[in-house]
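Undergrad: Provided below for reference: sequence and predicted model.
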Amino acid sequence: MSKLNHFFGLLTCFLMMTAVALRHSGKLCGITPGQDVSETTAGNSQDSSAVPEDGIIVIDTTGLGMHIQGYAGPTPLKIYLKDGRVQLIEALPNQDTPEFFSATEEEGFREHWYGKSAQEALAVAVKPVTGATYSSTAFIQNVQAGLAAYLTAQGETTTQPAARSPWHPNLKFICGLLVALAAAILPFFMKHRYYRIVQLTLNVVVLGFWCGAFVSHTLMVKYLSQGIHDWNALLPLLLLVMAFIYPFFGRKSHYCLHACPFGSLQELAGKCSQRKLRISPQWLKRLETLRQFLWAMLMFVMCCGTGFAWMDNEPFAAFLFRTAPPIALVLAIGFTLLSFFVPRPYCRFVCPTGTLLKYAEKES
């Protein structure tokens, strides 16, 4: 009976997050419900350029850049050329956080390509915008994909090296996967406290700061909305397995205790101080009730189609410090400092993602 209750808890969480994903982007796995899949395929395979009557060639990267991901999904563009020179680059609707994507509209960024021939524009080395790395990098890659397709259609050779397949693993992915696998397997056998310190440190350094891999509402909504497009998704999928599937086999809170980068950072901070604040059982109960109420309210407003911005402000985003919102940085620093005196305060008293995981593993 307990496993059956656990299954229904897991199913309920999945349905709730599916509803949130639909309200957030109107898509499931990149498909808009009610849309004919054949229409989507046709739209992606159609000629990427068109020539209006005024002689301007328009390159649409919707199909060309299907696997180019910004912070929250594909970021297609329209590139306008006249007499072979770039006149305008226009962003099409996307799911990236407006605060981040607006950085690509800053003066001087798109102007790197304006007025140049397609060959010259393709050779331009444009640096991503600090504070919006994901969005601006995806923008640059879409421009390169569109210009390369145009030159190929014109029968010209390009100086741009061939893009690496999105299914090609890289060093960061491999190292992150190894650390995640260690967190998934070794706690079953390794009980030594020095091993735990090493694992926690690797979680923070490799999974957190290097890979930016962690379970969050943003991650779940992204995968439910956009689907999976490359091998790099295998790392967060492994974390999701630890978070949702391990408890089904008796390993409650395995992800939170052994893999979560921010939980690991809090625990390491707590090990640096012997002085702890004592919290009475009454206050512990009140804080737990507050945590559940906070999560219920956040889920309610998202299911109503509003309040999605809070997902970008979870402290986990602070590991991506170049693009992290200021609120996420402040929360991460504040709770890390508090961890010196209160064990894992964010995990125990606030974390909406942790509350979702606890609800999913509930057996009664």
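TA: Structure received. Numbering: from 1, shown residues only.
Undergrad: sec struct for the residue positioned nearest the centre of the chain, please.
TA: Nearest residue to the geometric centre of the chain (C-alpha atoms, centre = their mean): L219, 4.6 Å. Here L219 takes the helix state, with states given by DSSP: H, G, I helix; E, B strand; the rest coil.
Undergrad: pLDDT weak spots in the stretch 51-200 of the chain?
TA: Along the stretch 51-200 of the chain, segments meeting pLDDT under 70 span 51-53, 66, 71-73, 95-100, 103, 107, 130-133, 156-169.
Undergrad: repeat that for 80
TA: For the stretch 51-200 of the chain, applying pLDDT under 80 flags the ranges 51-55, 63-74, 93-108, 127-136, 154-170.
Undergrad: as a whole number, average confidence for stretch 279-288?
TA: Averaging pLDDT along stretch 279-288 yields 93.
Undergrad: if we can go back for a sec, mind telling me what element the residue nearest to the residue nearest to the centre of the chain when sequence neighbours are not counted is part of?
TA: The shortest distance from L219 to any non-neighbouring residue, by C-beta to C-beta, 6 or more residues apart in numbering, is to P236 (5.7 Å). For every residue, glycine as well, the C-beta is placed using N, CA and C. Per DSSP states H and E: P236 is located in helix 234-244.
Undergrad: that helix - contacts with which helices or strands?
TA: On a contact count with 3 or more C-beta pairs under 8 Å, 6 or more residues apart in numbering; DSSP states H and E, helix 234-244 meets helix 171-185, helix 217-226, helix 254-258, helix 352-360.
Undergrad: so which of those is nearest V86?
TA: When the helices and strands packed on helix 234-244 are compared for distance to V86 using C-beta to C-beta, the nearest one is helix 217-226, at 28.1 Å.
Undergrad: in the closest one, what counts as buried?
TA: For helix 217-226, burial by neighbour count (16 or more other C-beta atoms under 10 Å) applies to H217, T218, L219, M220, V221, K222, Y223, L224, S225, Q226.
Undergrad: quick one: average confidence on it?
TA: 85.
Undergrad: what about the helices in the stretch 201-350 of the chain?
TA: All helices of the stretch 201-350 of the chain, identified by DSSP state H, counting those that start in this stretch, fall at 217-226, 234-244, 254-258, 261-271, 281-303, 326-338, 345-349.
Undergrad: what's the angle between the fourth one and helix 326-338?
TA: Same thing as helix 261-271. Per axes from the mean of the first three to the mean of the last three C-alpha atoms, to 10 degrees, the angle that helix 261-271 makes with helix 326-338 is 30 degrees.
Undergrad: right, and V342 touches R278 too?
TA: No. Using C-beta atoms under 8 Å, V342 makes no contact with R278, being 9.6 Å away.
Undergrad: more crowded one of the two?
TA: Neighbours were counted for V342 and for R278 using other C-beta atoms under 10 Å; V342 has more, 17 against 6.
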